[in-house]
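Trainee: model this:
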Amino acid sequence: MILERLGLIEKDKFFSNVTKLFYIFAGYFMMFLSGAAIVYAGSDFFTNLMASKLSIDTIFKPIIAATLGLAIFDLSKTILEQEVYFKSYIKNAKIEIRTLTKFLVTILIALSIETLMVVFKIAIENHDKMLNALYLMIGTSLFILSLSVLIYMTKERS
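Mentor: The predicted structure is shown next:
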């Protein structure tokens, strides 16, 4: 309040409220979607389990859906914490990098599981599409390498 009166922080009340409402809607909607992904993962797995249709697909698909649901939930929680409930006008790069890294690691886990599933599926069924599996593995490896460079470049030197 004092910083606003001194002119050190400019804040438009209407724009701030509209932005806050948008973040609230988007954050809770993403939480709902993450819950739906996790419920889908569980129901898909148990439906296939009860029908005795266990295969690589029936095991890996729910894992991927649950992992993505977790990543989306974590992102929505972070958005709500940083932009709605604990709003700070001071930007902390450490928190932003940690949040980005955590989100990317979760996505990377889901992508790695999907890559593994695709490679196994192609190895079992379609040997002629093995080049596509190699491209996916190269892309996933580049993602891992890029994330490693990001972590290395942003870690604090002690």
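Trainee: list the contacts of residue 71.
Mentor: Residues touching residue 71, when contacts are defined by CB atoms under 8 Å, 6 or more residues apart in numbering, comprise 34, 103, 106, 107, 110. To be clear about C-beta, it is placed using only N, CA and C from the backbone, and glycine gets the same treatment.
Trainee: please work out how many residues are found near the second one.
Mentor: Going back to what we said before, that points to residue 103. A total of 15 residues lie near residue 103 under the criterion other CB atoms under 10 Å.
Trainee: ok, the fourth one next?
Mentor: Taking other CB under 10 Å as the neighbour definition, residue 107 ends up with a count of 17.
Trainee: and residue 84, how close does it get to residue 95?
Mentor: 15 Å (CB to CB, to the nearest Å).
Trainee: again with residue 145
Mentor: Separation of residue 145 from residue 95 (CB to CB) stands at 24 Å.
Trainee: the more surrounded of those two?
Mentor: Residue environment comparison for residue 145 versus residue 95 gives the larger neighbour count to residue 95, 13 against 10, counting by other CB under 10 Å.
Trainee: just the element for the more buried one, please.
Mentor: According to DSSP states H and E, residue 95 maps onto helix 93-125.
Trainee: for the next helix or strand after that helix, name the packing helices and strands.
Mentor: Per DSSP H and E, the first helix or strand lying C-terminal to helix 93-125 is helix 130-154. Using 3 or more CB pairs under 8 Å, 6 or more residues apart in numbering; DSSP states H and E as the contact definition, the elements that helix 130-154 packs against are helix 93-125.
Trainee: next, the buried residues of the helix it packs on.
Mentor: Taking 16 or more other CB atoms under 10 Å as the neighbour-count basis, helix 93-125 is seen to contain the buried residues 99, 104, 106-112, 114-119, 121-122.
Trainee: specify the helix with the largest residue count in this structure.
Mentor: For the chain, the longest helix by residue count, based on DSSP state H, is helix 13-50.
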